[in-house]
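>>> build me a model:
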Amino acid sequence: MRWGAFLFTAAIVTLIILYEWPKMKQNPKKDKVAFLTLLLTGLALSMFNLPQMSGPTEWIVVLFRPFGEFMEK
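Numbering: from 1, shown residues only. Okay, here's the model as predicted:
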C-alpha cells in the first residue's frame, strides 16, 4: 500500500466534503448518503494497488472455467 497516495486522496476527499456539504443541506437524505458512499468507496479503493491487480474479467474467467469444461463434455 502506498501511504502517500492514500493520504493525498484522504485529504482531497476531506476537502470535497467540506466544500460541498454546506450546499447539500437542502438535499434529501438519500442524496447525502449517496454522496458520502461514493466518496468513501473511492477512498477505500485508493488503499489498493489497482493497476497491479487482475481485473474483473480475469475473475470471471477463473470462476466460470470449470463450468465451461463441464459444458464441453
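>>> can you list the weak-confidence ranges in this structure?
The model of the chain has pLDDT under 70 over residues 1, 49-51, 53, 73.
>>> pop out the phi and psi values for Asn27.
As for Asn27, its main-chain torsions (degrees, to the nearest 10) stand at phi -80, psi 150.
>>> how about Ala5, what does it touch?
Remark: with contacts taken as Cβ atoms under 8 Å, 6 or more residues apart in numbering, Ala5 is in contact with Ser46. (C-beta placed from N, C-alpha, C; glycine too.)
>>> got the buried residues for the host helix or strand of it?
Element membership for Ala5 (DSSP states H and E) is helix 3-20. For helix 3-20, a neighbour-count test (16 or more other Cβ atoms under 10 Å) marks Thr9, Val13 as buried.
>>> export that helix to CSV, keeping only CA atoms.
Output in CSV follows, covering the C-alpha atoms of helix 3-20 (Å, rounded to 0.1, in the frame of the first residue of the first chain):
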residue,chain,number,x,y,z
TRP,A,3,0.6,5.6,2.1
GLY,A,4,1.4,8.9,0.3
ALA,A,5,-1.3,8.3,-2.3
PHE,A,6,-3.8,7.2,0.3
LEU,A,7,-3.2,10.3,2.5
PHE,A,8,-3.4,12.6,-0.5
THR,A,9,-6.7,11.0,-1.6
ALA,A,10,-8.0,11.3,2.0
ALA,A,11,-7.1,15.0,2.0
ILE,A,12,-8.9,15.5,-1.3
VAL,A,13,-12.0,13.7,-0.1
THR,A,14,-12.0,15.8,3.1
LEU,A,15,-11.8,19.0,1.0
ILE,A,16,-14.6,17.8,-1.2
ILE,A,17,-16.8,17.1,1.7
LEU,A,18,-16.0,20.4,3.4
TYR,A,19,-16.7,22.3,0.2
GLU,A,20,-19.9,20.5,-0.9
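>>> thank you kindly, that will do.
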